[in-house]
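**Student:** Below are the sequence and a predicted model for it; my questions follow.
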Amino acid sequence: MGRKGAIVKGSEEVHFRVLQLIQSHPGLSQRDLAQHLGVSLGKANYCLNALIEKGFVKAENFRRHDNKLVYLYLLTPRGLEEKARATVHFLRRKVGEYEALKAEIAHLQSLVDANGSGFGAE
């Protein structure tokens, strides 16, 4: 596999969503992140550690909290830049998917129209 901290192909969307969640909810636990993302706790931990290793996220202990294992995850200035770049990349990909879906729908509609069947007609 890849080295520790490497962004695994297919994980870009998870990394993007982790950056989004951390920015809006810095106090989320890794378990909460995993639940929000719909991924395993291990994958959330792996992605978070990769983002920390790359310098996009920093983890700080809650010094006053009874449970010293509780962390506050914060985006670094590099993390904010990465989130902006990832947002543009994610948006471009989603627009491409939308355009392809629109074209497929138009094609299917033309096939239905050519066969004389109205869409939704029973």
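**Tutor:** Cool, the structure landed. Numbers count the residues shown, from 1 in each chain.
**Student:** Spatially nearest residue to Gly55 (excluding sequence neighbours)?
**Tutor:** Excluding the flanking residues, the one nearest Gly55 by Cβ to Cβ, 6 or more residues apart in numbering is Arg78, at 5.0 Å. C-beta: built from backbone N, CA, C; applies to glycine.
**Student:** Report how many residues lie close to Leu21.
**Tutor:** For Leu21, the neighbour count with other Cβ atoms under 10 Å is 17.
**Student:** mind listing what's buried in the helix or strand where it lies?
**Tutor:** Leu21 belongs to helix 12-24 when assigned by DSSP states H and E. By neighbour count on 16 or more other Cβ atoms under 10 Å, the buried set for helix 12-24 is 14-22.
**Student:** Show me the residue at the heart of this structure, geometrically.
**Tutor:** With distances taken as Cα atoms, centre = their mean, the chain has Arg17 as the residue nearest its mean C-alpha position (2.7 Å).
**Student:** measure the nearest residue to that one once chain neighbours are set aside to Leu80 for me?
**Tutor:** Nearest-residue entry for Arg17: Leu37, 5.5 Å, with adjacent residues in sequence omitted and distances by Cβ to Cβ, 6+ apart. Relative to Leu80, Leu37 is positioned 20 Å away (criterion: Cβ to Cβ, to the nearest Å).
**Student:** Neighbour count: these two, which is higher?
**Tutor:** Set side by side, Leu37 and Leu80 show unequal neighbour counts under other Cβ under 10 Å, the larger going to Leu37 at 17 against 13.
**Student:** Let me see the contact set for that one.
**Tutor:** Leu37 makes contacts with 14, 17-18, 21, 43-44, as judged by Cβ atoms under 8 Å, 6 or more residues apart in numbering.
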